[in-house]
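Q: Got a predicted model here, sequence first, then my questions.
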Amino acid sequence: MKTRIIEAWNPGPVNWGKFLLGRFDSEWSHRTAIEGGDDLPLLRTHCGWGNDHLLVLDLATGEGAVFKPGGHAAADLNRKHRIWVCPLFEPFLAWLYEQDLTDLDALPATVVLSAAPQLFGYRRQGGPKGQIILDVDPEVEGFLEALANGTALGDGSASDAARHLIHSAADGMRRPGSWERGWVEQAFGSKWQDRLEQDPEVPTHQRVRKERKP
């Protein structure tokens, strides 16, 4: 693994962050050692990591996670990962996402962050139930932005388009007679219908079958 340590502080200084960046290197060639495995690269095939992913470790707390720079730092930290971090972790992550990360050695050894001083670090709690975080590549995001400027949404964002697609799919599952039902079946097949049952309160609707306690 190729690593780089960067220190950060805010004016004062009040807070001092110590971070280690790690990019997989020789690890890419590792194959699964499980008996009967498929002998494919473990990190790419079975873990889903790529060249754009970076390990960001808070050296003060000893905790970190693998991030894909280029997204929204606050969302990645607050909703995806429940890690204990120092006060400067989020502003450092936001700064990192704006850098050219082709060569980690080209990054500065220190960085001053315009972040409000805080006395304590904290553990991120992750996203509340009901929130889904999607990680898409730039091409897919571009397609979503194009959809968001169609007649259904007018002048929306990629998030608006993704939300509209999700609600349309849910509506197709909910209403057997809707045009969305055929669209969902074409995209996902029909086996998912085994998980549905008649909605007792709305005769024209179905709902996800509730698990019955033994």
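A: Perfect, thanks for sending it. Not measured: the values here are computed from a predicted model. Numbering: from 1, shown residues only.

Q: List the buried residues in stretch 32-52.
A: For stretch 32-52, a neighbour-count test (16 or more other C-beta atoms under 10 Å) marks Pro41, Leu42, Leu43, Trp49 as buried. (C-beta placed from N, C-alpha, C; glycine too.)

Q: and the lowest-mean-pLDDT helix or strand in the chain, which strands flank it?
A: Lowest on mean pLDDT, DSSP states H and E among the helices and strands of the chain sits strand 122-123, with a mean of 74. In the sheet containing strand 122-123, its partner strands are strand 84-85 (antiparallel), by DSSP bridges.

Q: who touches the partner strand?
A: With contact meaning C-beta atoms under 8 Å, 6 or more residues apart in numbering, strand 84-85 is reached by Asp58, Thr61, Glu63, Leu77, Gly121, Tyr122, Arg123, Arg124.

Q: my guess is the second one meets Cys86, correct?
A: Yes: using C-beta atoms under 8 Å as the test, Thr61 is close enough to Cys86 to be in contact (6.3 Å).

Q: The two: which is more packed in?
A: Neighbours were counted for Thr61 and for Cys86 using other C-beta atoms under 10 Å; Cys86 has more, 22 against 16.

Q: okay, now the nearest residue to the more buried one once chain neighbours are set aside: neighbour count?
A: Closest residue in space to Cys86, ignoring its immediate chain neighbours: Gly121 at 4.4 Å, by C-beta to C-beta, 6 or more residues apart in numbering. As a burial measure, Gly121 scores 17 neighbours (other C-beta under 10 Å).

Q: Glu63 is in contact with Gly121, correct?
A: No: Gly121 lies out of contact with Glu63 (C-beta under 8 Å); the separation is 9.8 Å.

Q: Which stretches in the chain count as helices?
A: 73-75, 89-97, 138-148, 158-174, 179-188 (DSSP state H).

Q: Tell me which of those helices sits nearest to Asp25.
A: For the helices of the chain, the distance to Asp25 is smallest for helix 89-97, at 18.7 Å, taking C-beta to C-beta.

Q: tell me the most buried of the helices of the chain?
A: Of the helices of the chain, the one with the most neighbours on average (mean count of other C-beta atoms under 10 Å) is helix 89-97, at a mean of 20.

Q: contact partners of stretch 50-64?
A: Counting by C-beta under 8 Å, 6+ apart, 1, 5, 17-24, 44, 65-70, 83-86, 89, 93, 96, 101, 121 sit against stretch 50-64.

Q: what's the answer for stretch 90-99, then?
A: With contact meaning C-beta under 8 Å, 6+ apart, stretch 90-99 is reached by 6, 8, 10, 17, 19, 21, 54, 56, 67, 69-71, 73-74, 76-78, 107, 111, 113-115.

Q: for stretch 64-75, what is the average pLDDT?
A: Mean per-residue pLDDT for stretch 64-75: 86.

Q: quick one: that stretch to chain centroid distance?
A: Here the centre of stretch 64-75 is set off from its chain's centre by 7 Å, with C-alpha atoms, centre = their mean, to the nearest Å.

Q: Please apply the same query to stretch 90-104.
A: In this view, stretch 90-104 has its centroid 16 Å away from the chain centroid, taken as C-alpha atoms, centre = their mean.

Q: That one spans what distance, first to last residue?
A: 19 Å (C-alpha to C-alpha, to the nearest Å).

Q: again, but for stretch 198-210
A: First residue to last in stretch 198-210 (C-alpha to C-alpha) measures 11 Å.

Q: Cool, thanks, signing off.
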